[in-house]
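**Student:** Following is a predicted model, sequence given first.
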Amino acid sequence: MLDKTPTTRVQALLDTLGAALETGRIEDAVHLFAEECYWRDLVAFTWNIKTVEGRDQVRDMLQAQLAGAKPSNWRVAAGEEATEADGVLESWISFETATGRGYGLVRFKNGLVWTLLTALAELKGHEEKSGFTRPLGAKHGQNLGARTWKEEREHEERTLGYEKQPYVVIIGGGQGGIALGARLRQLGVPTIILEKNDRPGDSWRKRYKSLCLHDPVWYDHLPYIDFPKNWPVFAPKDKIGDWLEFYTKVMELNYWTRSTAKSAKWDEAAKEWTIIVDRDGEEVVLKPSSSSLRRACPARPIFPISRGASASEANSTIPRSIRDRTDTRARRLPSSVRTTQPMTSAPPSMRRVSMSR
Ligand SMILES: Cc1cc2nc3c(=O)[nH]c(=O)nc-3n(C[C@H](O)[C@H](O)[C@H](O)COP(=O)(O)OP(=O)(O)OC[C@H]3O[C@@H](n4cnc5c(N)ncnc54)[C@H](O)[C@@H]3O)c2cc1C
């Protein structure tokens, strides 16, 4: 019977939940969650990385965020089928909010939400130009004085950070900063990545000799370019380092090597950061106009940034349990724990939160 498949049952449950949320019936929505329940939100509802547990916290979160989020269109994700095992009905889902489109994973027990993941995938009006919407590129015909792609790249490299200020500065060009930089590039957000090492990929090359991926290579893809199909399942560190270097180049990232962020200060009146950079011995002052991000907070040297905070104040925004660990242990923390920079607006950088499937 068609109406008994896991997919149609999940869709029916999503319809009920969606209707309660869309009409602002918070109490009804809360009672569609099991008493033991977990909702992990990646930016979609909270503009943050947040997990709520139990009906009371779900209620609190909805009271705070539902009116602004305005979720709708809850669907079993296109091309996906729900599954059922051991009394748990599970499905990848998609949904919309007032500002974006998201996806997630839901698990139902006895017809009630047991776990829910909601992740923002894109902002409406700022959809990524790739696949069918990729840029045309070709400039046919004679156009005297027009710059070639190479000349445009060289001009950008020469002027960004000097004659023209970036919108975003990413401090730390490890794999997280590189992947984020690629996304921002694709969204047309002028971005500079600061990296204190000599080359992209050095954060892997400089680790211990026997290091290789801990996760199978197919879980580790960066945006737009998958690792080659003939690569070993657990690729060694120097190979990963070389890939990051290659990736940084072909993604046309403005990646400043030998560049250490020395300090950063948010100016509330001017609505901009002032970031002092030591670029291979030269002091450069960057003033990204809106947001700047810090990566890899537990790596040493630690470099904290917090709006309006001095370095030492901002350092205290990093939980003590993380700050006090040694490098090696801290780096093993999931990046969701390690990223403590608060976002005060809807940042383009949050367009896609990478998830392994
Ligand atoms: C042993 C091990 C195995 C792992 N295996 C996997 C795996 O198989 N798959 C997977 O997905 N993940 C794996 N990880 C996790 C992954 O390496 C990290 O999650 C990832 O490196 C984090 O990326 P990041 O860019 O946030 O930080 P990092 O890679 O730590 O990069 C931070 C960068 O910031 C730079 N920096 C720091 N301070 C400054 C400053 N003031 N100015 C300029 N630059 C600065 C550093 O030089 C560094 O390059 C593994 C981690 C470890 C420790």
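**Tutor:** On my side now, so go ahead.
**Student:** which residues are there in the stretch 151-300 of the chain that come within reach of the ligand?
**Tutor:** Contact residues, the stretch 151-300 of the chain versus the ligand (Cβ under 6 Å from any ligand atom): 171-177, 194-197, 203, 211, 213-215, 220, 260-261, 295-296, 299. C-beta here means a position set from N, CA and C on the backbone, and glycine is covered the same way.
**Student:** Would you mind naming the residues that bridge with the nearest residue to Ser72 once chain neighbours are set aside?
**Tutor:** Ranked by Cβ to Cβ, 6 or more residues apart in numbering and with sequence neighbours excluded, the top spatial neighbour of Ser72 is Glu96, at 5.1 Å. For Glu96, the beta-bridge partners under DSSP bridges are Ser72, Arg101.
**Student:** how about Glu96, what does it touch?
**Tutor:** Glu96 makes contact with Pro71, Ser72, Asn73, Gly102, according to Cβ atoms under 8 Å, 6 or more residues apart in numbering.
**Student:** what number of residues lie near the residue lying closest to the last one once chain neighbours are set aside?
**Tutor:** Counting by Cβ to Cβ, 6+ apart, the nearest residue to Gly102 once its immediate chain neighbours are dropped is Ala44, at 4.3 Å. The local packing count at Ala44 equals 25, with neighbours defined by other Cβ atoms under 10 Å.
**Student:** Please apply the same query to the one 3 residues further on.
**Tutor:** Burial of Trp47 is recorded as 20 neighbouring residues (other Cβ under 10 Å).
**Student:** what pLDDT does it get?
**Tutor:** We have a pLDDT of 96 for Trp47.
**Student:** That one: which element?
**Tutor:** Per DSSP states H and E, Trp47 falls between elements, in no helix or strand.
**Student:** and the gap between it and Gly100?
**Tutor:** 10 Å (Cβ to Cβ, to the nearest Å).
**Student:** Also Leu136?
**Tutor:** 26 Å.
**Student:** Between those two, which is the more surrounded one?
**Tutor:** Using other Cβ under 10 Å as the criterion, Leu136 and Gly100 rank with Gly100 on top: 21 against 6.
**Student:** Tell me which residue in the stretch 101-250 of the chain sits closest to the ligand.
**Tutor:** Nearest residue of the stretch 101-250 of the chain to the ligand, counting by Cβ to the nearest ligand atom: Gly174, 2.0 Å away.
**Student:** Wait, that residue touches Ser203, no?
**Tutor:** Yes. With contacts counted by Cβ atoms under 8 Å, Gly174 reaches Ser203, the gap being 4.3 Å.
**Student:** neighbour count winner among the two?
**Tutor:** The residue with more neighbours, out of Gly174 and Ser203, is Ser203; 26 against 22, by other Cβ under 10 Å.
**Student:** Show the average pLDDT along the helix or strand encompassing that one.
**Tutor:** For Ser203, the host element (DSSP H and E) is helix 202-205. Average pLDDT, helix 202-205: 97.
**Student:** what's the helix or strand that that helix is followed by packed up against?
**Tutor:** Remark: after helix 202-205, the chain's next helix or strand is helix 237-250, criterion DSSP H and E. When contacts are defined as 3 or more Cβ pairs under 8 Å, 6 or more residues apart in numbering; DSSP states H and E, helix 237-250 packs onto helix 175-186, helix 202-205.
**Student:** Dump the longest one to PDB, restricted to CA.
**Tutor:** Written as PDB, here are the backbone C-alpha positions of helix 175-186 (Å, rounded to 0.1, in the frame of the first residue of the first chain):
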ATOM      1  CA  GLN A 175      41.400  23.100   5.200                       C
ATOM      2  CA  GLY A 176      38.500  24.800   7.000                       C
ATOM      3  CA  GLY A 177      39.600  28.300   5.900                       C
ATOM      4  CA  ILE A 178      40.300  27.100   2.400                       C
ATOM      5  CA  ALA A 179      36.900  25.400   1.900                       C
ATOM      6  CA  LEU A 180      35.200  28.500   3.300                       C
ATOM      7  CA  GLY A 181      37.200  30.700   1.000                       C
ATOM      8  CA  ALA A 182      36.200  28.700  -2.000                       C
ATOM      9  CA  ARG A 183      32.500  29.000  -1.100                       C
ATOM     10  CA  LEU A 184      32.900  32.800  -0.600                       C
ATOM     11  CA  ARG A 185      34.700  33.100  -3.900                       C
ATOM     12  CA  GLN A 186      31.800  31.400  -5.600                       C
END
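**Student:** No further queries at this time; thank you.
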